[in-house]
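Novice: give me coordinates for this.
(2 chains)
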Amino acid sequence: MRILVNGAWHELRSAALAAALAELGYAERTVSTAVNGQFVAYGARAGTALAEGDRVEVLAPMQGG
Amino acid sequence: MLELYATALRSRLLLGTARYSSPAVLSAAVRASGTEVVTVSLRREGAGERSGQGFWSLIRELGVRVLPNTAGCHSVKEAVTTAHMAREVFGTPWIKLEVIGEDDTLQPDVFGLTEAAAILNAEGFEVFPYTTEDLVVAERLLGAGCRVLMPWGSPIGSGRGLNNLFGLKALRAHFPGVPLIVDAGIGVPSHAAQALELGCDAVLVNTAVAQARDPVQMAAAFRQAVEAGHAACQAGAIEPRELAQPSTPVIGTAFRA
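Specialist: I've put the predicted structure just below:
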């Protein structure tokens, strides 16, 4: 299934967000996620199903002003 | 003491963490500034990158509070979603709410700002709205539940100082009990001192320190300027006059008939 992750297309096998993050290599990382513009909390990732064409954002701490 | 959402702070200088030449310089500047609050952000990170984790470890080692921002957001939805993501990652209800309305000046979209502020305040966030000096917008933000205001001095990163002294003074006079943090446009320590002298409670500085030739020395200079400006405000300044008034007593002046 093709998923847009941080603006780039990925072909993923995982059906849920938590598994998709692990598949992408984000396991154990301090990141926050959104799917199609909606925040998905850490505890809700396992229960959040992904569908073809979904847009996933994976954000990490960064310098800011 | 400065009090922001029931958090008492000794330092009236908030420092941004962007645009430093290295993490070591950032750390040294934070320490030299005496700040207790630094701003941070969230950005996309690839699975193979580790810069975000390293940055977050560095900030935690500094032992300062973080004020996450929603920089780069141009809509209410983007800002609200980013705020939720920031609260989870940084573990704080504080959010510096930016909804940008114009790309050349990075002027806030004050309509989107008030809408996003109402949503986030209702959800338990403690919102620091990046706004203009507009009194009506300030009133709306306070009505939306904000208990701090962050008026701009001039456009972000411009270093032009306080563009509208009258507007900032009016804001101060209209909302005497609301903490005002001048955010954006501070270029040199005298700008910061000026903001504190006219009664603003604090300043947020980033580029002026980070891009200085010696950021650590500049951070220390801002620390002194903020302390001086606040002390001067408390001391009560004289009123400017049109004509000279001799400071040395004229009675008993020699060589006068």
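
Novice: where does B:Phe222 fall, secondary structure wise?
Specialist: helix B:215-235 (DSSP states H and E).

Novice: now do B:Phe111
Specialist: Assigned by DSSP H and E, B:Phe111 falls in helix B:110-122.

Novice: centre of the chain to the following helix or strand past that helix, how far?
Specialist: Downstream of helix B:110-122, the next assigned helix or strand under DSSP H and E is strand B:126-131. Here the centre of strand B:126-131 is set off from its chain's centre by 10 Å, with C-alpha atoms, centre = their mean, to the nearest Å.

Novice: kindly report the same for stretch B:218-238.
Specialist: In terms of C-alpha atoms, centre = their mean, the centre of stretch B:218-238 is found 15 Å from the chain centre.

Novice: as PDB, could you dump the C-alpha coordinates of that stretch?
Specialist: Output for stretch B:218-238, consisting of C-alpha atoms alone and laid out as PDB, is shown next (Å, rounded to 0.1, in the frame of the first residue of the first chain):
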ATOM      1  CA  MET B 218      26.000  38.500  22.900                       C
ATOM      2  CA  ALA B 219      23.800  36.300  25.100                       C
ATOM      3  CA  ALA B 220      25.500  37.700  28.100                       C
ATOM      4  CA  ALA B 221      25.000  41.300  26.800                       C
ATOM      5  CA  PHE B 222      21.300  40.600  26.400                       C
ATOM      6  CA  ARG B 223      21.100  39.200  29.900                       C
ATOM      7  CA  GLN B 224      22.500  42.500  31.200                       C
ATOM      8  CA  ALA B 225      20.300  44.600  29.000                       C
ATOM      9  CA  VAL B 226      17.200  42.900  30.100                       C
ATOM     10  CA  GLU B 227      18.100  43.300  33.800                       C
ATOM     11  CA  ALA B 228      19.000  46.900  33.200                       C
ATOM     12  CA  GLY B 229      15.700  47.600  31.400                       C
ATOM     13  CA  HIS B 230      13.600  46.000  34.100                       C
ATOM     14  CA  ALA B 231      15.500  47.800  36.900                       C
ATOM     15  CA  ALA B 232      15.000  51.100  35.000                       C
ATOM     16  CA  CYS B 233      11.300  50.500  34.600                       C
ATOM     17  CA  GLN B 234      11.000  49.800  38.300                       C
ATOM     18  CA  ALA B 235      13.100  52.900  39.200                       C
ATOM     19  CA  GLY B 236      10.800  55.200  37.200                       C
ATOM     20  CA  ALA B 237      12.300  57.300  34.400                       C
ATOM     21  CA  ILE B 238      12.200  61.000  34.000                       C
END
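
Novice: mind checking if the helix holding B:Phe111 is in reach of chain A?
Specialist: No: on the criterion C-beta under 8 Å from any C-beta of the partner chain, helix B:110-122 is out of touch with chain A, staying 12.0 Å away. (C-beta placed from N, C-alpha, C; glycine too.)

Novice: cool, and stretch B:123-135?
Specialist: No: applying C-beta under 8 Å from any C-beta, one finds stretch B:123-135 separated from chain A by no less than 10.2 Å.

Novice: circling back to that earlier point, what is the helix holding B:Phe111 packed up against?
Specialist: Using 3 or more C-beta pairs under 8 Å, 6 or more residues apart in numbering or on different chains; DSSP states H and E as the contact criterion, the secondary-structure elements in contact with helix B:110-122 are helix B:76-90, strand B:94-97, strand B:126-131, helix B:135-143.

Novice: so where is the stretch 51-200 of chain B shaky, pLDDT-wise?
Specialist: In the predicted model of the stretch 51-200 of chain B, no residue satisfies pLDDT under 70.

Novice: and chain A, which residues reach chain B?
Specialist: Residues of chain A found near chain B (C-beta under 8 Å from any C-beta) are A:6-7, A:24-26, A:29-34, A:37-39, A:41-42, A:57-65.

Novice: among these, which lie within strands?
Specialist: Using DSSP state E, A:32-34, A:38-39, A:57-63 are the members of those that sit in strands.

Novice: please pick the buried ones from the residues of chain A next to chain B.
Specialist: The neighbour-count test (16 or more other C-beta atoms under 10 Å in any protein chain shown) applied to the residues of chain A next to chain B identifies A:6, A:24, A:26, A:29, A:31-34, A:39, A:57-65 as buried.

Novice: so the most centrally placed residue in chain B bridges to which residues?
Specialist: Central residue of chain B (C-alpha atoms, centre = their mean): B:Leu204, 2.5 Å from the mean position. On the basis of DSSP bridges, B:Leu204 is bridged to B:Leu14, B:Asp183.

Novice: again with B:Tyr130
Specialist: Following DSSP bridges, B:Tyr130 is listed with bridge partners B:Met150.

Novice: phi, psi of the residue of the stretch 101-250 of chain B found nearest chain A?
Specialist: Distances between the stretch 101-250 of chain B and chain A by C-beta to the nearest C-beta are smallest at B:Asn206, namely 3.6 Å. With angles defined as degrees, to the nearest 10, B:Asn206 shows backbone torsions of phi -130, psi -70.

Novice: show me the contacts for the closest residue to it other than its chain neighbours.
Specialist: Here the nearest residue to B:Asn206 in space, its sequence neighbours aside, is B:Gly16; by C-beta to C-beta, 6 or more residues apart in numbering or on different chains that works out to 2.6 Å. Contacts for B:Gly16 (C-beta atoms under 8 Å, 6 or more residues apart in numbering or on different chains) come out as A:63-65, B:38-39, B:204-207, B:209-210.
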